[in-house]
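>>> Pasting the sequence and the predicted coordinates here, then a few questions.
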Amino acid sequence: MVIRSKAPLRLGLAGGGSDVSPYSDIYGGFILNATIDLYAYCTINVNETKKIEIVAADLNQKLSYDVLEALPIDGNLDIIKGVYNRLVKDYHINNLTGFRITTHSDAPPGSGLGSSSTMVVAIVKAFTEWWNLPLGEYDIAHLAYEIERIDLALTGGKQDQYAATFGGFNFMEFLKEDKVIVNPLRIKRWIIDELESSMVLFFTGASRSSAKIIEEQQKNTSQGNVTAIEAMHNIKQSAIDMKEALLKGDISSYAKILGSAWVDKKKMATSISNESIDIIYDTAIAAGALSGKVSGAGGGGFMMFVVDPEKRINVINALKTFDGRVMPFHFSEGGCHGWKIYN
């Protein structure tokens with residue numbers, strides 16, 4: 001038997017960072033995000049070898065273990081092992097058999113598209129399909145969050161797991177005690193088409209670790225940094241404002257909100273932007289972009305720009321002068337899903 005799953009990566013449109021504790025616990029957070037047609041993939045091949053093979057194909061890494069109830073968490077492909085360990089423990093999986101699990105992603109770690117968390121969701125979904133676990137969308141997203149943030153102690157927020165699980169355009173509310181409410185947005189097709197025509201996604205070529213940026217953001221919140229907290233309040237409000245602009249198809253307001261939120265975001269931590277990002281941003285603006293921001297925590301990865309569709313090629317050509325690459329994309333509707341193939 002072969003089990004496959006896929007989960008979509010996301011663009012964080014507004015509110016990013018307000019889903020990170022302690023801010024979300026104290027003030028509550030609002031996030032607006034949308035999934036795109038880039039994915040994390042997982043395949044499980046069930047066999048009778050009494051061996052567990054773990055293959056991260058895009059990272060060119062491979063591990064092998066005897067069948068165990070808990071695999072060692074040692075810094076090597078831990079998100080795969082962390083999912084396996086948690087599900088075996090929580091759902092009392094007996095009669096463990098051998099299998100090979102293979103993963104790969106359309107975007108590298110540190111891209112700012114939520115690739116690591118999306119991969120966790122895809123892995124959870126694959127095991128859910130294999131073992132017929134009683135997990136709904138909220139269950140999968142929350143479990144993926146706990147595996148990353150609690151079991152593996154990886155720093156980050158909550159939005160990525162929910163975006164990958166639910167898919168589409170969502171306005172999310174992050175409240176105390178890890179309570180999350182996902183509000184799917186029904187955006188008209190012409191608005192999505194106009195938005196796709198008005199956006200350029202650019203990979204800077206530099207992946208980064210979001211942990212240090214998020215840790216500085218958390219420190220600023222916990223220590224009462226007034227400038228950083230006020231900036232986060234503005235960023236949270238931008239999610240509300242952008243939701244209204246999107247539902248109305250007001251791309252001009254959408255662009256202004258995105259640009260203002262980027263100014264506020266840079267106040268959250270010193271490493272969110274850098275000289276390279278600033279040069280790329282200024283070049284895009286000079287070529288006709290209306291506004292832009294870094295996707296995710298910042299520091300590198302993907303940047304998104306809002307443009308006049310008639311000037312889109314000008315912006316793309318200007319960005320081609322840098323070492324990165326422009327990434328064509330479309331918004332996607334579905335969230336993570338899995339399926340079985342019987343040999």
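Noted; the coordinates are in hand.
>>> now the helix or strand containing Tyr41: mean pLDDT?
Element membership of Tyr41 [criterion: DSSP states H and E] is strand 29-46. The average of the pLDDT scores along strand 29-46 is 97.
>>> what's it packed up against?
Packing partners of strand 29-46 (3 or more Cβ pairs under 8 Å, 6 or more residues apart in numbering; DSSP states H and E): strand 2-14, strand 99-105, helix 115-131, helix 159-166, strand 169-174, helix 226-248. Yep, even glycine has a C-beta here, placed from its N, CA and C like the rest.
>>> which of those is buried the deepest?
Mean neighbours per residue, mean count of other Cβ atoms under 10 Å, is largest over the helices and strands packed on strand 29-46 for helix 159-166, with a mean of 30.
>>> contacts for that helix?
Residues outside helix 159-166 that contact it (Cβ atoms under 8 Å, 6 or more residues apart in numbering) are 7-10, 12, 16, 19, 31, 33-35, 40, 114, 116-118, 120-122, 137-138, 140-142, 144-145, 148, 170, 172, 174, 180, 182, 184, 335-336.
>>> distance of Ile80 from Met268?
31 Å (Cβ to Cβ, to the nearest Å).
>>> Just want to know which of the two has more residues nearby.
More crowded of Ile80 and Met268, by other Cβ atoms under 10 Å: Met268, with 27 against 23.
>>> on that earlier part again, of the helices and strands packed on strand 29-46, which is nearest Leu152?
Judged by Cβ to Cβ, the one of these that comes nearest to Leu152 is helix 115-131, at 9.0 Å.
>>> could you check the angle strand 2-14 makes with that closest one?
150 degrees (axes from the mean of the first three to the mean of the last three Cα atoms, to 10 degrees).
>>> name the helices or strands packed onto helix 115-131?
Counting contacts by 3+ Cβ pairs under 8 Å, 6+ apart, helix 115-131 is packed against strand 2-14, strand 29-46, helix 78-90, strand 99-105, helix 137-146, helix 159-166, strand 337-341.
>>> let's go with 6 Å and repeat that
strand 2-14, strand 29-46, helix 78-90, helix 137-146, helix 159-166, strand 337-341 (3 or more Cβ pairs under 6 Å, 6 or more residues apart in numbering; DSSP states H and E).
>>> Find the nearest non-adjacent residue to the residue positioned nearest the centre of the chain, please.
Nearest to the geometric centre of the chain sits Gly114, at 2.0 Å (Cα atoms, centre = their mean). Computed as Cβ to Cβ, 6 or more residues apart in numbering, the closest residue to Gly114 that is not its neighbour in sequence is Asp160, at 3.3 Å.
>>> wait, which of the helices and strands packed on helix 115-131 is closest to His330?
strand 29-46 (4.9 Å).
>>> Any idea which helix or strand in this structure has the lowest mean pLDDT?
Least confident helix or strand, the chain: helix 211-222 with a mean of 70, by mean pLDDT, DSSP states H and E.
>>> Quick one: low-confidence residue ranges for this protein.
Flagging of the chain using pLDDT under 70 yields the residue ranges 206-213, 216-217, 297-299.
>>> now the angle from the host helix or strand of Lys293 to strand 2-14?
Per DSSP H and E, Lys293 falls inside strand 289-294. With the same axes, to 10 degrees applied, the angle from strand 289-294 to strand 2-14 works out at 120 degrees.
>>> Give the pairing partners of strand 289-294; include direction for each.
Strand 289-294 has these partner strands in its sheet, going by DSSP bridges: strand 302-307 (antiparallel).
>>> Mind listing residues that contact the partner strand?
If you take Cβ atoms under 6 Å, 6 or more residues apart in numbering as the criterion, strand 302-307 is touched by 111-113, 198, 200-203, 255, 258, 284, 289-292, 294-295, 315.
>>> sorry, back to before: I'd like a version of the helices and strands packed on helix 115-131 in TSV, one that adds distance to Tyr65 as further columns.
Formatted as TSV, the helices and strands packed on helix 115-131 follow (distance: least, Cβ to Cβ, whole Å):
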stretch	distance to Tyr65
strand 2-14	19
strand 29-46	15
helix 78-90	9
helix 137-146	22
helix 159-166	26
strand 337-341	23
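>>> Can you tell me what sits against stretch 104-114?
9-10, 38-41, 57-58, 115-116, 119, 160, 207-208, 295-296, 301-302.
>>> Could you list the buried residues of that stretch?
Across stretch 104-114, burial judged by 16 or more other Cβ atoms under 10 Å covers 104-107, 109-114.
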